[in-house]
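Visitor: Fold the stuff below for me.
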Amino acid sequence: MFKIGMTDRLSLCIIILFYSGTIFVGYNFLDKANKQSISETNNNNKRLVHLVLIKFKKEITTQQFQKITDGAYGLQVIPGVEQLNFKQNISPEGLGRGFTHSLTMKFQSAEDRDSIYLPHPIHQKFVDSFLPLTESVLVYDFWE
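Guide: Numbers count the residues shown, from 1 in each chain. The predicted structure is shown next:
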């Protein structure tokens, strides 16, 4: 019969422990870390779009409109606000229902919108000066 020495037994135990540990770590940690990394990458690519459609009152003056325009673009200094645009509706379809302008901006998270932008004093001041000059406002948020 073939006799196995102490060194051979020790080597075999080390090899078994090494491969068992590798399988354990790979199964329990690497797959989860990889899935989490993919999930974070997908979430980092998404942006929350905040779209405001505006129907101004007919009696708005040029000076009032300029203040609104300046105030709208002033919102981009609020932390978390990205890609802000204040534009006039140019659709030829005639389906605008009286909404003549839009204000759009993007956020990386709902928290940026809800906890930073909405309660921010610059936003509050803009809303206070903006709303009295409008007939109707429609706010629509979505993830892109």
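
Visitor: Every contact and neighbour count from this point should use C-alpha atoms.
Guide: Noted.

Visitor: Let's test this: name the helix or strand in this protein with the lowest mean pLDDT.
Guide: helix 31-45 (a mean of 56; mean pLDDT, DSSP states H and E).

Visitor: tell me the pLDDT at the residue nearest the centre of the chain?
Guide: What sits nearest the mean C-alpha location of the chain, by Cα atoms, centre = their mean, is residue 108, with 2.5 Å. We have a pLDDT of 96 for residue 108.

Visitor: Leaving out sequence neighbours, find the closest residue to it.
Guide: residue 47 (5.0 Å; Cα to Cα, 6 or more residues apart in numbering).

Visitor: Phi, psi for the one you found please.
Guide: Torsion angles at residue 47 (phi, psi; degrees, to the nearest 10) stand at phi -130, psi 140.

Visitor: Use 32 as the first number from now on
Guide: Got it, first residue is 32 now, which makes that one residue 78.

Visitor: show me the contacts for it.
Guide: Applying Cα atoms under 8 Å, 6 or more residues apart in numbering to residue 78 gives the contacts 137-140, 174-175.

Visitor: One more: residue 167?
Guide: 85-87, 130.

Visitor: what's the offset of the top helix by length along the chain from the middle of its chain?
Guide: The helix that spans the most residues within the chain, counting by DSSP state H, is helix 37-56. Chain-centre distance of helix 37-56: 47 Å, with Cα atoms, centre = their mean, to the nearest Å.

Visitor: what about this protein, any weak spots by pLDDT?
Guide: Within the chain, the stretches with pLDDT under 70 are 32-33, 61-75.

Visitor: Let me see the domain layout of it.
Guide: 38-76, 77-174 (automatic domain parsing).

Visitor: separation between residue 82 and residue 97?
Guide: 20 Å (Cα to Cα, to the nearest Å).

Visitor: Same check on residue 119?
Guide: As judged by Cα to Cα, residue 119 and residue 97 stand 13 Å apart.

Visitor: Tell me which of the contacts of residue 167 fall in helices.
Guide: Of these, none are assigned to helices by DSSP H.

Visitor: Going by neighbour count, which of the residues you listed comes out on top?
Guide: residue 85 (23 neighbours; other Cα atoms under 10 Å).

Visitor: Surely that one and residue 128 touch.
Guide: No: the criterion here is Cα atoms under 8 Å, and residue 85 misses it with residue 128 at 10.3 Å.
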